[in-house]
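Student: When you get a sec, could you give me coordinates for this:
(chains A, B and C)
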Amino acid sequence: MSAIYGLYSDPNVAQVAVNNLRAAGVPDADITVISSEPFEHFEFGHRDARTAMPWIATAAGAAGMVATYYLLGLSQHAWPLVTSGMPVAPLWTNLIIIFEMTMLSAIAATVITLIVTAFIGERGTLYDPEVSDGYILVGVEKTGDAGKLESALKIDGGRVKSI
Amino acid sequence: MNRTLTKPFTDDMVRPVMSTTVWFWAIVLATGTVVASGAAAWGYQLWYGIGLSGKRWPGFWALYLTNFVFWIGISHAGTLISAILRLVNAGWRRPVTRVAEVITVFALMIGAMFPIIHLGRPWLAFWLFPYPSAREIWPNFRSPLAWDFFAINTYLTGSVLFLLLPMIPDFALVRDRSTGWRRKFYGALSFGWRGTTRQWNRLESAMQIMAIAILPVAVSVHTIVSFDFSMANVPMWHSTIFGPYFVAGAIFSGIAALILAMAALRKALHLEKYLLPLHFENLGKLLLLMSILWGYFVFNERLTVWYGNEHHEMAVFWATQRGQYAPLYWTMVICNFIIPIALLSNPYTRNIIGCVVASFGVVIGMWLERFLIIVPSLAHKALPYSWGTYTPTPVELMIMAATFAAMILLYALFAKFVPIIAIWEMKAGDFAHAPRQGLAAADPHRIDAAAPASPEAAS
Amino acid sequence: MPFRWGMAIDLNACTGCEACVTACHAENNIPTVSAEQASRGRAMHWIRVERYYEGNFPDVRVKFRPVLCQQCDNAPCEAVCPTYAAHHNEDGLNAQVYNRCIGTRYCANACPYNVRFFNFFNAEWPKPLHLQLNPDVSVREVGVMEKCTFCVQRIKAAKTAARAEHRALVDGALQPACAQACPTSAIVFGDLNDPDSRVARLARSPRGTRLLEDLGAEPKITYLQKQPWHEPDAY
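Tutor: Below is the predicted model of the structure:
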């Protein structure tokens, strides 16, 4: 037996299961909760919510801004061609492109962070297709004291399975 | 959504993906034929030259650029509206967002093709890419067309990701419910999504950041499209109002396209339970607001020209107001202003049919608006000796028809392969109004009590 | 800037004979199009003679105005080109590099004078007309913009010859095709940087005006306005 989990149709019951597992001494990091929707109004939906994503996006945006500023300036001065009596690298027009590249960098960094932290960084394998019918899966992959875990997960409105 | 309803709802959403009706094949065949004819027309034009279009000295921009601005405008339906609704957390957005975002992505792809179709030497369009080349020359970053390149690429990249990311959980759902090739196909598309709290939280954070980033980008895209005109010293183009005027017009035509798409999907995929009269009513109010805003901008633009009485501009002004282009101009005013206000300010006609009729008018009217911005101005530039005119040719009209068919075709294909309503977002809407504390404060009875089919209806 | 090429056109002298148009076509390999294409607005004339009529019949007076690229100092066509096909060269000329042009046609919209032309199709030179093509001027392919160059090939040749002979360019020795062909010498070409050149003197004339000067493009062509016949010559 490598993993034990319960399936609950009611998020309130799932919350009880999560609380029971904690009471049974399972560290928060070992508790897996899988659902077919985000439960942002329940405590278990907020586990592991801390992320540096906004800061990464901001930093990438700033980096994109500086890089584009230099890319435009250097390429314009590499072969200075005069048009319409304008300066070779007018900030007015370059600002437009700098803005777009800032935003593109921020968006790209956000998506890369998402891929790295939510997809590549996901090591667990615990899953049950019944999740897509609306069940919430609460389980533990590293089973120590199986009996204790099973009694923690076995509550009204839930089914316990193990693999 | 009631918990007990989750399964029937999911079934309703997944059914169009699993089964194919004869109507689907009919639409694909009909629109596919038009698209193929349009591609042939473009090939014909590529072979012989842009002379097959009706463009002539001095009006070197005409139908292709009209369609470019029109489609980029339509693209402001989705990502912009869905980002605003997401940021203000409007509950009724949930069934609408994906329908809208798909319009954005496809309309942008179609719109971005037009400047290439329009080029004299489209095979050299890649010279707009900023890359170090053997030619040792970079694009001219002072040109509004270079700005267009960056703006449209940023918006397209952002919009595709904005549409794609929330689709991953739904792909996982289809994967779980299917067998055979579909299971493999959607399994690959879902990138191993399981739905752990960590994944949900990251996805929500990413969507929030993207919504914030994409809003100014969307505004900038149509402002930059307007710069294509307002940067040139051409009568009635060289105007500071063009940026906000174009953005408002874009959102206006975008909402109209969204209402049309929603009405079509509602009938075709039997989504009457999810795309409710309420959604049409809310979007109808938004359309009414944009119609008034559009009228305000047009009045501003026209009044300043008329009062300023500068003779180069007055030539264009009278050509549209009373002259050759007056029939088109007044059709535009009726379609964009009179019909929407008449239908949508009255609560009895602000129903689904009223919204669809008004939207149809707005799409036609906004197309005419772009035509009337481009063609009369170029035909009446400063030197009267070189005034001109313009008539479209069959090649141009065929290519234009093909893009409308392409939109329908792409939409039909998308609705075939992807659940057109974001399933998980609809489910999440269930708890949108529960207290944040979760278990302790949430009323357990609320969840199992018989609720209306969609709680958004009440919000 | 060693040179600043400019032109003065005396509207008193212009008879509207269009010899300049013909000469320009011959010199610059400008394709002629069929009557059908011409009626569809595809005719290309780097220089054209605009006709304006004043007064009511029978008391009508005709004014001719040859219009060609004004070689503006602040040319509106240049900045809008995304590929630097239109740019300012070191002689202050408004240069058009055909090979860089991708055919956005934005320059033609931005030009207030409508002196830019587009190759809607590949040009055809029915035999034996292909034998009269000027070898010093490139033939443009479909999809590129073209316009008056002030006969840049002649400017280049004259500068090269002068450098080889270690002498300065003589005012009046270098002429574009239109000026050379003008039977009334209405068109005068030269260096505006040389205050004593004929063109610089004409540019200072009280009759001198610039086309659509209020748009601020700073054209380098001076039009000497036509005077009623009974008024004494102003210069």
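
Student: Just the pLDDT at residue B:454, thanks.
Tutor: Residue B:454 carries a pLDDT value of 42.

Student: again, but for residue A:89
Tutor: Residue A:89 is assigned a predicted lDDT (pLDDT) of 91.

Student: next one: residue B:176
Tutor: pLDDT, residue B:176: 87.

Student: At which residues are the strands of chain C located?
Tutor: Secondary structure of chain C by DSSP state E: the strands cover C:5-10, C:48-54, C:61-67, C:86-88, C:94-96, C:117-118, C:145-146, C:187-191, C:208-209, C:221-224.

Student: Does residue C:227 touch residue C:206 like I think?
Tutor: No - Residue C:227 lies out of contact with residue C:206 (CB atoms under 8 Å); the separation is 10.9 Å. C-betas here are computed from N, CA, C, even on glycine.

Student: Mind checking which of these two has more residues around it?
Tutor: Using other CB atoms under 10 Å in any protein chain shown, the more surrounded residue of residue C:227 and residue C:206 is residue C:227, with 13 against 9.

Student: what's the nearest residue to residue B:214 if we skip its chain neighbours?
Tutor: The shortest distance from residue B:214 to any non-neighbouring residue, by CB to CB, 6 or more residues apart in numbering or on different chains, is to residue B:158 (4.7 Å).

Student: Show me how far whichever strand or helix holds that neighbour is from its chain's centre.
Tutor: Residue B:158 is part of helix B:144-164 when elements are defined by DSSP states H and E. Distance of helix B:144-164 from its chain centroid, counting by CA atoms, centre = their mean, to the nearest Å, is 13 Å.

Student: With stretch B:123-138 instead?
Tutor: Using CA atoms, centre = their mean, the mean C-alpha position of stretch B:123-138 is found 30 Å from that of the whole chain.

Student: Check for me that residue B:27 belongs to a helix.
Tutor: Yes - using DSSP: H, G, I helix; E, B strand; the rest coil, the assignment for residue B:27 is a helix.

Student: Return the distance of it relative to residue B:33.
Tutor: Distance check for residue B:27 against residue B:33: by CB to CB, to the nearest Å, it reads 11 Å.

Student: For these two, indicate the residue with more neighbours.
Tutor: Ranked by neighbour count (other CB under 10 Å), residue B:27 and residue B:33 place residue B:27 first, with 19 against 13.

Student: That one contacts residue B:407, correct?
Tutor: No - taking contacts as CB under 8 Å, residue B:27 lies outside contact range of residue B:407: 11.8 Å.

Student: Once you drop chain neighbours, what's closest to residue 97?
Tutor: Chain wasn't specified; assuming chain A. Leaving aside its chain neighbours, residue A:97 sits nearest to residue B:150 (5.0 Å; criterion: CB to CB, 6+ apart).

Student: Switch to chain B, please.
Tutor: residue B:82 (4.0 Å).

Student: which residues does that neighbour contact?
Tutor: By CB atoms under 8 Å, 6 or more residues apart in numbering or on different chains, the contact list for residue B:82 reads B:93, B:96, B:97, B:100, B:101, B:162, B:211.

Student: among the helices and strands of chain B, which has the poorest mean pLDDT?
Tutor: Least confident helix or strand, chain B: helix B:444-448 with a mean of 36, by mean pLDDT, DSSP states H and E.

Student: Neighbours of residue 117, how many?
Tutor: Using chain A. Residue A:117: 21 surrounding residues under other CB under 10 Å.

Student: not what I meant, chain B
Tutor: 24.

Student: surely it meets residue B:399?
Tutor: Yes - the criterion here is CB under 8 Å, and residue B:117 meets it with residue B:399 at 6.3 Å.

Student: ok, the residue sitting nearest the centre point of chain C to residue C:49 distance?
Tutor: Centroid-nearest residue in chain C, with CA atoms, centre = their mean: residue C:68, separated by 3.6 Å. To residue C:49, residue C:68 is 10 Å away according to CB to CB.

Student: contacting residues around residue B:177?
Tutor: Residue B:177 makes contacts with A:129, A:132, B:10, B:14, B:18, as judged by CB under 8 Å, 6+ apart.

Student: Out of the strands of chain C, which is closest to chain B?
Tutor: Checking the strands of chain C against chain B by CB to the nearest CB gives strand C:48-54 as the closest, at 4.1 Å.

Student: in that closest one, what's buried?
Tutor: Neighbour-count burial for strand C:48-54 flags C:48, C:49 (criterion: 16 or more other CB atoms under 10 Å in any protein chain shown).

Student: Next, the residues that contact the helix or strand hosting residue B:427 from outside, please.
Tutor: Under the criterion of DSSP H and E, residue B:427 resides in helix B:423-428. Defining contact as CB under 8 Å, 6+ apart, one finds that helix B:423-428 is touched by A:36-40, A:134, B:1, B:6, B:9-10, B:13-14, B:94-95, B:97, B:166, B:169-170, B:173, B:274, B:454.

Student: what about the helices in the chain?
Tutor: Went with chain A since none was named. Secondary structure of chain A (DSSP state H): helices located at A:11-23, A:53-78, A:91-114, A:146-153.

Student: switch to chain C, that's the one I care about
Tutor: Using DSSP H, the helices of chain C run over C:19-28, C:35-39, C:76-79, C:106-110, C:152-164, C:177-181, C:198-203.

Student: Measure how the lengthiest helix in chain B sits relative to helix A:91-114, angle-wise.
Tutor: Counting residues, the longest helix found in chain B (DSSP H) is helix B:197-230. Put simply, helix B:197-230 runs at 160 degrees to helix A:91-114, going by axes from the mean of the first three to the mean of the last three CA atoms, to 10 degrees.

Student: tell me what the following helix or strand past helix B:197-230 is packed against?
Tutor: Where DSSP H and E defines the elements, the next helix or strand beyond helix B:197-230 is helix B:242-268. Under the contact definition 3 or more CB pairs under 8 Å, 6 or more residues apart in numbering or on different chains; DSSP states H and E, helix B:242-268 sits against helix B:63-74, helix B:78-87, helix B:97-118, helix B:197-230, helix B:277-308, helix B:352-379, helix B:394-417.

Student: Can you say which of these is packed in most?
Tutor: Most buried of the helices and strands packed on helix B:242-268 by mean neighbour count (mean count of other CB atoms under 10 Å in any protein chain shown) is helix B:63-74; its value is a mean of 26.
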